[in-house]
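Q: sharing a model prediction with you, sequence too.
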Amino acid sequence: MQHLTLLAFLAIVAVSLACKCKNQSTKESFCNADWVSHVKVKARVSKQQLPDGSERRGLNNLRYTVQHVDVFKVEYVVGFKMLSQVTL
């Protein structure tokens, strides 16, 4: 019984110490981003076929068609025409 209790305790500790993403403020997220855009979602298509060789088996593959309302930050030279055709 003691071994079972110890095993359960260790399992709970392992889960509580699992990998966590660093919490970021909105300002930190903005500063760390290569580009930031305010978009309007035009269409959401779910269950898209995954490309051949994809390692994402079992995950939903979603495709969004968006309209860029405003582009607030562009660090690299990227034409706005190219950004307006990005599919996330």
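A: Great, that's in hand.
Q: biggest helix in the chain by residues?
A: The longest helix of the chain (DSSP state H) is helix 2-16.
Q: Lys42: what secondary structure?
A: strand (DSSP: H, G, I helix; E, B strand; the rest coil).
Q: can you name the helix or strand that Ser29 falls in?
A: According to DSSP states H and E, Ser29 maps onto helix 26-32.
Q: show residues contacting that helix.
A: Applying Cβ atoms under 8 Å, 6 or more residues apart in numbering, the external contacts of helix 26-32 come out as 24, 36, 72-73. (Each C-beta comes from the backbone N, C-alpha and C, glycine too.)
Q: how about a cut-off of 6 Å?
A: Residues outside helix 26-32 that contact it (Cβ atoms under 6 Å, 6 or more residues apart in numbering): Val36.
Q: and Cys31, how close does it get to Pro51?
A: The gap separating Cys31 from Pro51 is 32 Å, by Cβ to Cβ, to the nearest Å.
Q: same check on Ser29?
A: For Ser29, the distance to Pro51 - Cβ to Cβ - is 28 Å.
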